[in-house]
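Engineer: just to be clear, the model below is a prediction. Sequence and coordinates:
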Amino acid sequence: MSDGKAAVYLDGLVKRRDGFRLGPLHLTLDQGAVYAVIGANGSGKSTLLRICKNLIQPDSGTLRILGLSYEAHDLEISRQIAYVPEPLSGCEDFTLKELRHLIHRWYPGWDDRMYESLVRSFRLPTEKPVAKLSQGARKKAALTLALSSQARLLLLDEPANGLDFNSKRVYRETLASYMEQANRTVLLATNVVEDIHQLADYILVLKNGRIQGPIEKDELQTSWRQIWIRNAGPVSWDDIRGVFDVKEGMMIHVVSMDAQRTLADLERAGCEVIDEKPLPLEELLDYLTKEEMG
Ligand SMILES: Nc1ncnc2c1ncn2[C@@H]1O[C@H](COP(=O)(O)OP(=O)(O)OP(=O)(O)O)[C@@H](O)[C@H]1O
């Protein structure tokens, strides 16, 4: 597998934490897209982001960020990455103004206009120590610093958590405009449907320590459909391709991961299709993070 200049490249990466094993992961994230990492609590989303930021080291495998390895290019990578985890822990004694002063020289593309604009839009106090800010304000301060850095790779861990409605809108609009510039990449760990709906180009599913994807979000919404059928006799579900879930009642409700194939097979099996529709994104994401049938 070649990494070229992938934003993130993982090959055979494994990390064990107590009883949990993440990997082996094989993953190439091209530059220029937003990747949403979804998965149940404890599925390893934060662990994956922390590995990408070199805060924890994998037990084995290869990791490259923008074509570079941490072993040889630690500083260079750090100037290209911004990471928003738990908001500003370790920075409690500093004000936002002081943090800006410490950070802005670090990033070659630092954008002061964006910093000023976000401080205004988020109504952030710049002269109060972080310790005295509310949780939401800390999150907004961390996002302000990350987005103003104009880093080429943003690692955002549950960025919308704790933000009020207005701040969520500001953060999503700013992230969308950040993505308008060439070769920007975002790896976004989230379980917020609206974030995925508005921001994600691709979805990565973490399940049982393994990763599925990247799956194009639009393609996913086309291929996954719910179908209602009436049938003349018993259906052998093993012969129907793409079926993810079946609920039998007055009508049979089928959730398909591959609607085209499922519909063709249902027709061949003599089933009458009453209706078919896309799945609401929230339901689709719920199915994606669940175990499959059989
Ligand atoms: N510091 C740690 N030491 C040991 N194990 C850890 C540590 N942090 C997390 N883990 C374990 O690693 C696994 C993955 O946790 P992680 O926080 O990456 O999941 P997550 O998908 O981000 O979860 P959530 O949605 O709840 O934030 C879990 O089994 C967790 O208990």
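Structural biologist: Nice, thanks for sending it over.

Engineer: going forward, measure contacts between C-alpha atoms and count neighbours the same way
Structural biologist: OK.

Engineer: which residues touch stretch 196-214?
Structural biologist: 20-26, 29, 33-40, 43-45, 172, 176, 190, 215-218, 281, 288-289 (CA atoms under 8 Å, 6 or more residues apart in numbering).

Engineer: which strand residues sit across from residue 10 in the sheet?
Structural biologist: Beta-bridge pairing of residue 10 under DSSP bridges involves residue 27, residue 63.

Engineer: next one, pLDDT for it please.
Structural biologist: As predicted, residue 10 sits at a pLDDT of 96.

Engineer: ok, now how distant is it from residue 143?
Structural biologist: Residue 10 sits 26 Å away from residue 143 when distances are taken as CA to CA, to the nearest Å.

Engineer: more neighbours, those two?
Structural biologist: Comparing residue 10 with residue 143 by other CA atoms under 10 Å, the one with more neighbours is residue 143, at 26 against 22.

Engineer: quick one: contacts for the more buried one?
Structural biologist: When contacts are counted by CA under 8 Å, 6+ apart, residue 143 touches 84, 159, 171.

Engineer: so how far is the helix or strand harbouring residue 212 from its chain's centroid?
Structural biologist: Using DSSP states H and E, residue 212 sits within strand 210-216. Distance of strand 210-216 from its chain centroid, counting by CA atoms, centre = their mean, to the nearest Å, is 10 Å.

Engineer: strand partners (parallel or antiparallel) of that strand?
Structural biologist: strand 202-207 (antiparallel).

Engineer: is the strand it pairs with positioned near the ligand?
Structural biologist: No: Strand 202-207 stays clear of the ligand (CA under 6 Å from any ligand atom), getting no nearer than 7.8 Å.

Engineer: and the next helix or strand past the strand holding residue 212?
Structural biologist: helix 217-223.

Engineer: can I get the CA coordinates of that following helix in CSV?
Structural biologist: The C-alpha trace of helix 217-223 is given here as CSV (Å, rounded to 0.1, in the frame of the first residue of the first chain):
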residue,chain,number,x,y,z
LYS,A,217,-21.5,9.6,3.1
ASP,A,218,-23.6,10.4,0.0
GLU,A,219,-23.0,6.9,-1.4
LEU,A,220,-24.0,5.4,2.0
GLN,A,221,-27.3,7.3,2.0
THR,A,222,-28.0,6.0,-1.5
SER,A,223,-27.1,2.4,-0.9
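
Engineer: now that helix: buried residues?
Structural biologist: 217, 220, 223 (16 or more other CA atoms under 10 Å).

Engineer: turn these into CSV, including pLDDT.
Structural biologist: Formatted as CSV, these follow (pLDDT from 0 to 100):
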residue, pLDDT
217, 93
220, 91
223, 92
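
Engineer: JSON lines for those residues, including distance to residue 114?
Structural biologist: What follows is those, written out as JSON lines (distance: CA to CA, whole Å):
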{"residue": "217", "distance to residue 114": "29"}
{"residue": "220", "distance to residue 114": "34"}
{"residue": "223", "distance to residue 114": "39"}
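
Engineer: with respect to the ligand, which of the residues you listed is nearest?
Structural biologist: Nearest to the ligand among these is residue 217, at 19.9 Å by CA to the nearest ligand atom.

Engineer: burial count for the closest residue to the closest one other than its chain neighbours?
Structural biologist: Nearest residue to residue 217, sequence neighbours excluded (CA to CA, 6 or more residues apart in numbering): residue 202, at 5.2 Å. By the measure other CA under 10 Å, the count of residues near residue 202 is 21.

Engineer: from residue 259, how far off is residue 230?
Structural biologist: Applying CA to CA, the value for residue 230 to residue 259 is 17 Å.

Engineer: of these two, which one has the most company?
Structural biologist: Taking neighbours as other CA under 10 Å, residue 230 and residue 259 compare with residue 259 leading, 23 against 17.

Engineer: my read: the more buried one touches residue 225, true?
Structural biologist: Yes: shown here, residue 259 and residue 225 form a contact pair, counting by CA atoms under 8 Å, at 5.8 Å.

Engineer: where's the nearest residue to residue 246 once chain neighbours are set aside relative to residue 238, distance?
Structural biologist: Excluding its sequence neighbours, the residue lying closest to residue 246 (CA to CA, 6+ apart) is residue 254, at 4.6 Å. The gap separating residue 254 from residue 238 is 13 Å, by CA to CA.
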